[in-house]
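Student: Below are the sequence and a predicted model; questions follow.
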Amino acid sequence: MGTAGRENLDADHVSRYDNKEDADASDEVALLQALGVDSQSTVVDFGAGTGQFVIPAAASFRRVVAVDISPVMLRTLRAKVAAAGATNVEVEQAGFLTYDHTGAPADAVYSRYALHHLPDFWKGVALARIHRILRPGGILRLWDVVYGFQPIEAESRVEEWCAAAGSAIESGWSRAELEEHVRDENSTFTWLLEPMIERNGFTINEAIYSDDEFFAQYVIAKVRQ
């Protein structure tokens, strides 16, 4: 469970996660469809969490594999899948480094705020494994906390980010939670992550960075075997 993130093993945190975070899942499904992922496609969601993306994806794609390492997250996810009657969803307790893909190659891999749980060495290995399960031309849709500022700016920029947080934990991210992320998790810099992506046989077709340079959204394509 070492790469799950402490908070994702906390039942109280998981119970309020959907109030704290919105995956914009309908827009994400529409984006994948615009990129050619269709009703016959297989999509793998790494770090599926409470299933925010999984449920609308199941209504649009033939096979959805929901992968998460946290048994606490998976309880919520399985309950949502059952309630939705989503018989085309397969739930796997695994992670980037342990998921064993079977069947046809995936047409798309989706991952939101999960890769940062791995140190950079293991991010590289995870990206290689994602490359292996995708078909040629397949899409990796990746969101994460990725730092766009320079290391010399880190102290002041992190302080600004944490200071802007509130204190409530029910519907937002508190200063303490942001401090914990920086201290205990493994978010990296854009100038480290992006060459790592390309080194693994991908091309970055789109990169969108938040104004505060703490978040990045990528559309990535597999370009070679």
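Tutor: Received it, and whenever you're ready, just let me know what you need.
Student: What are the boundaries of the strands in the protein?
Tutor: In order along the chain, the chain carries the following strands (DSSP state E): 42-46, 63-68, 89-93, 106-112, 134-145, 202-209, 215-222.
Student: And those: which comes nearest residue 126?
Tutor: Across the strands of the chain, residue 126 has its closest neighbour in strand 42-46 (8.1 Å, Cβ to Cβ). Just so you know, the C-beta spots here come from the backbone N, C-alpha and C atoms, and that holds for glycine as well.
Student: Nearest residue to residue 119 in space, please, no chain neighbours.
Tutor: residue 186 (4.9 Å; Cβ to Cβ, 6 or more residues apart in numbering).
Student: what about that neighbour, neighbour count?
Tutor: Per other Cβ atoms under 10 Å, the neighbour tally for residue 186 reads 17.
Student: could the strands of the chain go into TSV alongside mean neighbour count and mean pLDDT?
Tutor: Listed next are the strands of the chain as TSV, based on neighbours: other Cβ atoms under 10 Å; pLDDT from 0 to 100:
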stretch	mean neighbour count	mean pLDDT
strand 42-46	26	98
strand 63-68	25	97
strand 89-93	18	97
strand 106-112	24	98
strand 134-145	20	97
strand 202-209	15	98
strand 215-222	20	98
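Student: mind putting those strands in CSV, distance to residue 190 included?
Tutor: Converted to CSV, those look like this (distance: least, Cβ to Cβ, whole Å):
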stretch, distance to residue 190
strand 42-46, 20
strand 63-68, 25
strand 89-93, 30
strand 106-112, 16
strand 134-145, 10
strand 202-209, 7
strand 215-222, 6
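Student: So which of those strands is nearest residue 154?
Tutor: That would be strand 134-145 among those, by Cβ to Cβ, at 13.4 Å.
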